[in-house]
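S.K.: Fold the following, please.
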Amino acid sequence: NPLPKLKDHLLNRLLSLQFSPDSYHFNEADSCTIKILENKLYPSSILHVNYTAYDVRRGQDIINSRMGGNVMVLSCSTASRSHPFWYAHVLGIFHLQLLHTGLLSTNLSVQQIQVLWVHWFEIVKGHDTNFKAARLPKLKYISSDNEGAFGFLDPSLVVRGCHLLPCFADGQTSSRFFPSNETCAEPCNKTK
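M.R.: Got it, this is the predicted structure:
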């Protein structure tokens, strides 16, 4: 059920807490202070990411949720040898209207917020990455049975869209997807 994750994400943003895929999990009382109007998420198909190019000109990446796009965000890791970026595959782009009530609320009016629903990548351990060998990091999807595999992301944290090249030498996999007896949604006419 993605609703608790969505409410945790929204509370992290509204309370201006530092972003992390393993963001702080709020209790039920805190989650109840978020009221999503009409209980609706409105899908968007395109996200525009503005950035400054190396020649100090303005550039723009366009992420299309229907075509599948990958994005990178700055890592919040404080380890000295950690990779500077986190990567995610955009599954959906949504906006919603919400009302935040409660003691910690700083804005009592209706707010419109945009969120990305993403499947996170992780860096493959044991893959030698360095500039001397001219080898880029190797990524893989976090397994779908891991609680942190899917999450919500603030679009303003996206640094750039990125094109990830498949490593055809490693073969094919279907481990990213749900097992055949599990789905996110089922056809309307299916009976149990």
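S.K.: three-state assignment of the nearest residue to Phe85 once chain neighbours are set aside?
M.R.: Closest residue to Phe85 apart from its sequence neighbours, by C-beta to C-beta, 6 or more residues apart in numbering: Met72 at 4.6 Å. (C-beta placed from N, C-alpha, C; glycine too.) Three-state assignment for Met72 (DSSP: H, G, I helix; E, B strand; the rest coil): strand.
S.K.: Tell me what Met72 is bridged to.
M.R.: Tyr87, Arg160 (DSSP bridges).
S.K.: longest helix anywhere in the chain?
M.R.: helix 3-14 (DSSP state H).
S.K.: contacting residues around that helix?
M.R.: Contacts to helix 3-14, defined as C-beta atoms under 8 Å, 6 or more residues apart in numbering, come from residues 17, 19, 23-26, 30-31, 33-34, 98, 100, 105-107, 111, 113, 115, 150-154.
S.K.: Report the central residue of this protein.
M.R.: Among the residues of the chain, the one closest to the centroid is Val118, at 3.5 Å (C-alpha atoms, centre = their mean).
S.K.: mind listing what the host helix or strand of that residue pairs with, with the direction of each?
M.R.: Using DSSP states H and E, Val118 maps to strand 111-123. Using DSSP bridges, the strands paired with strand 111-123 are strand 85-100 (antiparallel), strand 139-141 (antiparallel), strand 150-153 (antiparallel).
S.K.: Pick out the shakiest of those strands, pLDDT-wise.
M.R.: Mean pLDDT is lowest for strand 139-141 out of the strands paired with strand 111-123, coming in at a mean of 89.
S.K.: Next, the buried residues of it.
M.R.: Residues Leu139, Lys140, Tyr141 are the ones in strand 139-141 that count as buried (16 or more other C-beta atoms under 10 Å).
S.K.: which of those lies closest to His89?
M.R.: Using C-beta to C-beta, Tyr141 is the member of the buried residues of strand 139-141 that lies nearest His89, at 7.2 Å.
S.K.: What's opposite the closest one in the beta bridge?
M.R.: Taking DSSP bridges as the rule, Tyr141 bridges to Phe121.
S.K.: Now do it against Ala149, distance only.
M.R.: 7 Å (C-beta to C-beta, to the nearest Å).
S.K.: overlap in contacts of those two?
M.R.: His119, Trp120.
S.K.: Could you check how far the closest residue to Gly68 other than its chain neighbours is from Ser109?
M.R.: Counting by C-beta to C-beta, 6+ apart, Gly68 lies nearest to His89, which is 6.5 Å off, once chain neighbours are set aside. For His89, the distance to Ser109 (C-beta to C-beta) stands at 34 Å.
S.K.: Neighbour count: the two, which is higher?
M.R.: His89 (17 against 6; other C-beta atoms under 10 Å).
S.K.: Tell me if I'm right that that one and Lys140 touch.
M.R.: No - His89 is beyond contact range of Lys140, at 11.2 Å (criterion: C-beta atoms under 8 Å).
S.K.: Can you list the buried residues in the helix or strand of the chain with the lowest mean pLDDT?
M.R.: One helix or strand of the chain scores below all others by mean pLDDT, DSSP states H and E: helix 28-31, with a mean of 79. Under the neighbour-count criterion of 16+ other C-beta under 10 Å, helix 28-31 has Asp30, Ser31 buried.
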